[in-house]
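>>> got a predicted structure here, sequence first:
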Amino acid sequence: MSDTQTSAGAAGDAGGAGAERGLRRSLGFRDLVVYGLLFIAPMAPVGIFGTLDAKSHGAVALVYVVATVAMAFTAFSYAQMVRVVPQAGSVFAYARVGLGKGAGFVAGWMAMLDYLLIPAVAYLFSGIAMNSLVPEVSRWVWTALAVVITTLLNLWGVRAAARVGFLVLAMEIVVLLVFVVSAIVVLARDGAQRGWLSPLSGDGTQGAFALSAVIGAVSIAVLSYLGFDAIASFAEEVTGGSEKVAKAVLFCLALAGVLFVAQTYLVALLEPTTSAQLAADPGLQGSAFYDAVDASVGTWLHDLVALSKAIGAAFAALAGQAAAGRLVFAMARGRRLPKVLSKTDAGVPRAALLCAAVITLVAAVWAARRDDGLDRLVSVVNIGALTAFTLLHASVVGWFAVRRRGGPVVWWRHVLIPVVGAAITVAVIFEASGTAQVVGAIWLAVGLVVLVAQRGRGGEDAG
């Protein structure tokens, strides 16, 4: 690490001089990728395939190509800043050094909304899937059980959770490979339901190819990628330096992009329902992936995918809860949250983890007991992360180009890429639902009140 990077990291640590900061370094590159892919979930497109197919006029694979490129700008900015500030606080720490303490708090506060709600959605997905397999047990019970089991694993320690997570991820990859092989066999035997290039150019049932339709679908598809950024939260627990974290962020995004494009391309070819029919009947969209698999391959693969999603969703939530715990821990260490949340026990931030778990449990069970609970949660999960991503890009410009603390300015790396990345995240925020925008605005307003109150009583940390 360079002298500049070392000094930046030291400056970031100064804010927590009086708190316990003993996170244990035990993670390798594979562990980071496991956490990232667990949070994203290799088959993340399953639940939103029908929606994307309808909105993109059938060009669903192209949607994921564009979305991967769009999110690559954010991944690149993460890789830049994790080398400067290799800390558990991720975007909270990056914005502090790049933009100032106030902006750092806002970035962490907005990211916290995302890190608390995305696991709640994943737990709810798990509860719904298990309820469909065992309907005698209410979905809120399955949801709560998933929270308890994964919380215990996280409290056990990041290394233990990573080992179990690796097994779950391996299962998900195997199921995905089974789907890919089965789809190829069916396509070779029976042919495609749509044109072979239609997943990239549209199926033609809603008129000619429309770039605007693809871009509109991208604003939803980026939700599939939320979670790769969580890798940066483990920067203080990785062996071998921050370069490993930066590589893991980029690798995880690229691998997820390949998996998403491949599976959506194949299922689009198997889909007997046109994009126009899906657009005309939104009730078909949620089960479109499963219906295509059931009709073309068989019920056995439908059930296998459903079981994989039930288990995989719970462990996606495990990775999200772990990241949320690290963010809460870092903000408490920086004296932005109660000091008790900055304590560690045998290298594990158990107080912060329990705090995140309780909030997520309440949100997930509340949603599981309501018919419209999933819709309400899904509509707001992206707004916090997208706001934090925007501040992340600004932090790159602030640190390298404005403050010039990272050596000579490389304009394409330190200005062009983060500016384009910020433009993308802002555009997606504007495309978000009205509910998400309102919730995001309220959460931001509360955070600003907290920030003003902290400054009023001299709560600024010295870091």
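Arrived safely, thanks for sending. Residues are numbered from 1 along each chain as shown.

>>> tell me which helix or strand comes right after the lowest-mean-pLDDT helix or strand in the chain.
Least confident helix or strand of the chain, by mean pLDDT, DSSP states H and E, is helix 3-14 with a mean of 40. Downstream of helix 3-14, the first helix or strand assigned by DSSP states H and E is helix 29-40.

>>> just the mean pLDDT for that next one, thanks.
Taken as a whole, helix 29-40 carries a mean pLDDT of 81.

>>> residue boundaries of the strands in the stretch 201-350 of the chain?
Here the stretch 201-350 of the chain has no strands by DSSP state E, counting those that start in this stretch.

>>> what stretches of the protein score poorly on pLDDT?
1-23, 158, 372, 374-375, 378-379, 456-463 (pLDDT under 70).

>>> other SSEs contacting the helix of greatest length in it?
The residue-count maximum for a helix in the chain (DSSP state H) belongs to helix 299-333. Applying 3 or more Cβ pairs under 8 Å, 6 or more residues apart in numbering; DSSP states H and E, we find helix 299-333 packed against helix 29-40, helix 91-99, helix 101-133, helix 139-156, helix 158-190, helix 288-296, helix 350-368. Yep, even glycine has a C-beta here, placed from its N, CA and C like the rest.

>>> list the buried ones in the first one?
Just to be clear, that refers to helix 29-40. Using 16 or more other Cβ atoms under 10 Å as the test for burial, helix 29-40 gives 29, 31-40.

>>> rewinding a little: quick one: the helices and strands packed on helix 299-333 as TSV, columns for distance to Val65 too.
Below are the helices and strands packed on helix 299-333 laid out as TSV (distance: least, Cβ to Cβ, whole Å):
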stretch	distance to Val65
helix 29-40	16
helix 91-99	26
helix 101-133	23
helix 139-156	32
helix 158-190	17
helix 288-296	18
helix 350-368	32
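
>>> return the most buried member of the ones you listed.
Of the helices and strands packed on helix 299-333, the one with the most neighbours on average (mean count of other Cβ atoms under 10 Å) is helix 91-99, at a mean of 29.

>>> contacts for that helix?
8, 11-12, 15, 81-82, 84-85, 87, 89, 103-108, 111, 229, 232, 327, 330-331, 334, 336, 388-389, 391-392, 394-399, 403, 405, 463 (Cβ atoms under 8 Å, 6 or more residues apart in numbering).

>>> are any of those buried, and if so which?
8, 12, 15, 81-82, 84-85, 87, 89, 103-108, 111, 229, 232, 327, 330-331, 334, 336, 388-389, 391-392, 394-399, 405, 463.

>>> so Val328 touches Cys355, yeah?
Yes. Using Cβ atoms under 8 Å, Val328 makes contact with Cys355 at a distance of 5.8 Å.

>>> list residues touching both of these two?
Joint contacts of Val328 and Cys355 (Cβ under 8 Å, 6+ apart) are Leu341.

>>> please list all residues in contact with Ala295.
Going by Cβ under 8 Å, 6+ apart, Ala295 touches 270, 272.

>>> change the start of the numbering to 291 and stick with it
In the new numbering, first residue 291, that becomes Ala585.

>>> for it, give its distance to Val336.
As judged by Cβ to Cβ, to the nearest Å, Ala585 and Val336 stand 15 Å apart.

>>> then Gln567?
19 Å.

>>> on that earlier part again, tell me what angle the longest helix of the chain forms with helix 640-658.
130 degrees (axes from the mean of the first three to the mean of the last three Cα atoms, to 10 degrees).

>>> quick one, what contacts Gly688?
Contacts of Gly688 by Cβ under 8 Å, 6+ apart are 388-389.

>>> surely it forms part of a strand?
No. Going by DSSP: H, G, I helix; E, B strand; the rest coil, the assignment for Gly688 is helix, not a strand.

>>> I'd like to know how far it sits from Ser346.
Per Cβ to Cβ, Gly688 is found 36 Å from Ser346.

>>> would you mark the buried spots in the longest helix of the chain?
591-592, 594-623.

>>> could you check the angle helix 448-480 makes with that helix?
Interaxial angle, helix 589-623 versus helix 448-480 (the same axes, to 10 degrees): 150 degrees.

>>> between helix 381-389 and helix 589-623, find me the angle.
For helix 589-623 against helix 381-389, the angle by the same axes, to 10 degrees is 50 degrees.

>>> now helix 589-623, how far from the centre of its chain.
10 Å (Cα atoms, centre = their mean, to the nearest Å).

>>> and it with helix 578-586, angle?
160 degrees.

>>> so what's Ala331 up against?
By Cβ under 8 Å, 6+ apart, the neighbours of Ala331 are 412, 462, 517, 599, 602-603, 606.

>>> and these, which two are furthest apart?
Gly517 and Lys599 (15.2 Å; Cβ to Cβ).

>>> contacts only, for the closest residue to Val630 other than its chain neighbours.
Closest residue in space to Val630, ignoring its immediate chain neighbours: Ala641 at 5.7 Å, by Cβ to Cβ, 6 or more residues apart in numbering. Under the criterion of Cβ under 8 Å, 6+ apart, the contact partners of Ala641 comprise 630-633, 635.

>>> next: Ser472.
Ser472 touches 587, 591, counting by Cβ under 8 Å, 6+ apart.

>>> so Gly417 sits against Val427, correct?
No. Assessed by Cβ under 8 Å, Gly417 is found out of contact with Val427, at 9.3 Å.

>>> so Tyr413 touches Ala606, yeah?
No. With contact defined as Cβ under 8 Å, Tyr413 does not count as touching Ala606 (9.0 Å).
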